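Novice: build me a model from this:
(2 chains)
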Amino acid sequence: MPKVTVKEKAKNAERKPAAIGPDIDLSEYSLQADDHGEIQKLTGLTDEVRERAITVGIDAEESCRSGSFFQMDHSVILAATNQSGLEVMSTTEALKKYEWLTDYWWKAVQVDADKYTARAELQQHHGYFLRALPGAKAEFPLQACLYMGREGMAQHVHNIIIAEEGSELHIITGCTTAQSVKSGLHVGISEFYIKKNAKVTFTMIHNWAENVAVRPRTGTIVEENGVFMSNYICMRPVKTLQMYPAAYCIGENATVRYNTILSAPEGSKMDVGSKVCLRAKGSRAEVVARAISKGGAIVTRGNLIGEVPGIKAHLECRGLILSERGSILAIPELDGRVSGVEMSHEAAVGKIAEEEIQYLMARGLTSDEATAAIVRGFLDIEIKGLPEHLRREIKKAVEMGEKEERIL
Amino acid sequence: MNTSQEKCRDVPLIEIRHLSVSVEGKRVLNDLDLYVMQGETIVLFGPNGSGKTSLLKTIMGIPQYRVESGNIIYRGEDIAERSIDERARLGLGLVFQNPPAVRGVRLKDILRICMEKGGVFKEESIIESADKLNFVDFMDRDVNLGFSGGEIKRSELLQMLAQNPAFVMFDEPDSGVDLVNINLVGKVINELLEKGIREDRRTKAGLIITHAGHILDYVNADRAYVMLNGSVSCSGNPGDILEDIRTKGYEGCVRCRR
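Specialist: Prediction:
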């Protein structure tokens, strides 16, 4: 039988709806974009762009960053690193530079998974390539920003992240639109390869607009003693966001941790999950999600698959519904396929307990202050193993999301 | 039976008049009268279900405790319509018997809240107090989450030290506390109620619920009330009343009332 090429697979899946989430009519979005040229430093961004980028954790001064990648619409305007042993470039550039990159292309995510993966292959608009050479340890995080500045536009990026043996990478990715943009489509493919004894922390902050549709597709392969930690924060309106990143622990003692923080205002639909396949002895996974509905609809999923004995995994999902019109559907799944696995989950969806508000009021807080303190505490998940300034970025994004939400 | 303390103060710090309260339509307090003078420590006895906790929660303003009639006069003002936080800021404090755990709100967060709203104590003195209570290690813990009975008491008392209320209510401070800790609890109550200074110079007052009366071995109370079926059945010398309860039980109070 002749081998089907990646392009052919993509062609065949061009109309294939995703397994979950509302179907999006891709023809509604324009593939036109202006060329934005290049800049030397992020300080060269316009004030408007810079301000939006800051809301998603991007440090325009680049003072505490080991490198930066900035893509505006379909143009990569900056890709640079200041630490040897680290590589930052666009994936289109990297494909030209490294023949071997095809060994990593669509190996953690299936190209024919759905029409969005297919679209990203057939109409790719760059994306970032981040790599740590063997033994290299990033002193500061690498930052990447995917920015959509044009109304009604589609942006399809394909990112590849490789942490070679014994290396360490910290990444912060911010995705956002111009203030004026109300609608658009963002499709982001991300494939992570974490080699033996390597560690990657990945923090992604989204700040979209009311009518933007978002379809990230992410796969991560973790080898022996590798560590992958993913933190995802979306506290701002989005028309429809659906993602279900999957990590595969294929080497002994591989560790995966997913933390997700969601806050859905009215009109926003968020369907976000995390899946971990534990395929090697001693692998560990922890999935933690906090979801707040302020009128929006949230589906929070978690799926742990234990394929060999001697693995350990835990799933935790807590949801708070703060508005009459809000909804949260928590779907935790434990799939133990052999004996000798240790998997557990806890899930809770509800409102803030009146008793807790009253308790804080008895210490002098008004009802609103007490509610805000409880919500803040609810979202404050303890994230171990993350550099301090990334922890601060997460805190900032959460607090900013909370604050702006209240103004709305 | 009234005591000489009354001579020192003309107006009570807090006075409850003909108070009737219901929870979900069920009457829990019935035409209750009680007062506490500034500088006084009052103890409230009563069997389970007699309405002691209901009284404290009503005074604190917990909305489920609906005031049907009567008044709660604090420093001359009827506060029955005021919200919980307003009462807290006016100087009322409550040591909860079973406080809820608040996930994500750490003990040090709630202490900061107490200090900000109460406004007298300094941070250093709170750390000092936490040290005295052997509680420094709990600062970063979510408040009350997984705390033992004794730890809850220490947490609540520390919050009171930070909040510095003028009128402090203690809901069974001696329940679930071991012998070592009850001594500590007694010390802090004495500190909160300024028992170290002359009564006529004190600016604080306290109302302590005790079921078994153990706390009275560590804290001197000035007067006692006995509650039965949602009202005060008698009042008098705490030692005498406790002695009666210990020998005859609350049955004796019921008979006495008849």
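Novice: show residues contacting the lengthiest helix in chain A.
Specialist: As far as residue count goes, and with DSSP state H defining each element, the longest helix of chain A is helix A:388-407. Outside helix A:388-407, the residues within contact range by CB atoms under 8 Å, 6 or more residues apart in numbering or on different chains are A:55-57, A:64, A:140-141, A:170, A:172, A:201, A:203, A:205, A:231, A:233, A:235-236, A:261, A:263, A:265, A:294, A:372, A:375-376, A:379-380, A:383, A:386. Every C-beta, even on glycine, is put in place using the N, C-alpha and C of the backbone.
Novice: if you look at the residues you listed, which of them are in strands?
Specialist: Cross-referencing the contacts of helix A:388-407 with the strands (criterion: DSSP state E) gives A:170, A:172, A:201, A:203, A:205, A:231, A:233, A:261, A:263, A:265, A:294 as the overlap.
Novice: ok, back up a step: buried stuff in the longest helix of chain A?
Specialist: For helix A:388-407, a neighbour-count test (16 or more other CB atoms under 10 Å in any protein chain shown) marks A:390-391, A:393-394, A:397-398, A:400-402, A:405 as buried.
Novice: go on, stretch A:163-175?
Specialist: In stretch A:163-175, residues buried by neighbour count (16+ other CB under 10 Å) are A:163-175.
Novice: residue contacts, whatever residue of the stretch 1-150 of chain A ends up closest to chain B?
Specialist: Ranking the residues of the stretch 1-150 of chain A by distance to chain B (CB to the nearest CB) places A:G57 first, at 21.4 Å. By CB under 8 Å, 6+ apart, the contact list for A:G57 reads A:143, A:172, A:174, A:203, A:205, A:390, A:393-394, A:396-397.
Novice: pLDDT score assigned to the closest residue to it other than its chain neighbours?
Specialist: Ranked by CB to CB, 6 or more residues apart in numbering or on different chains and with sequence neighbours excluded, the top spatial neighbour of A:G57 is A:E393, at 4.1 Å. Looking at A:E393, its pLDDT is 86.
Novice: can you pull out the helices in chain B?
Specialist: B:52-60, B:84-90, B:107-118, B:123-132, B:149-163, B:179-192, B:238-257.
Novice: and the angle from the worst-scoring helix or strand of chain B on mean pLDDT to helix B:149-163?
Specialist: For chain B, counting by mean pLDDT, DSSP states H and E, helix B:123-132 ranks last in confidence among helices and strands (a mean of 80). For helix B:123-132 against helix B:149-163, the angle between stretch directions is 160 degrees (axes from the mean of the first three to the mean of the last three CA atoms, to 10 degrees).
Novice: B:M115 - how many residues pack around it?
Specialist: Using other CB atoms under 10 Å in any protein chain shown as the criterion, B:M115 is surrounded by 22 other residues.
Novice: do I have it right that A:E151 meets A:A209?
Specialist: No - with contacts defined as CB atoms under 8 Å, A:E151 does not count as touching A:A209, sitting 9.6 Å away.
Novice: residues that sit against both of the two, list them.
Specialist: Residues touching both A:E151 and A:A209 by CB under 8 Å, 6+ apart: A:181-184.
Novice: so who does A:L142 touch?
Specialist: Under the criterion of CB under 8 Å, 6+ apart, the contact list for A:L142 reads A:65-69, A:81, A:86, A:88, A:130, A:169-172.
Novice: any idea what it is bridged to?
Specialist: When bridges are taken as DSSP bridges, the partners of A:L142 come out as A:G67, A:I171.
Novice: good, wrapping up.
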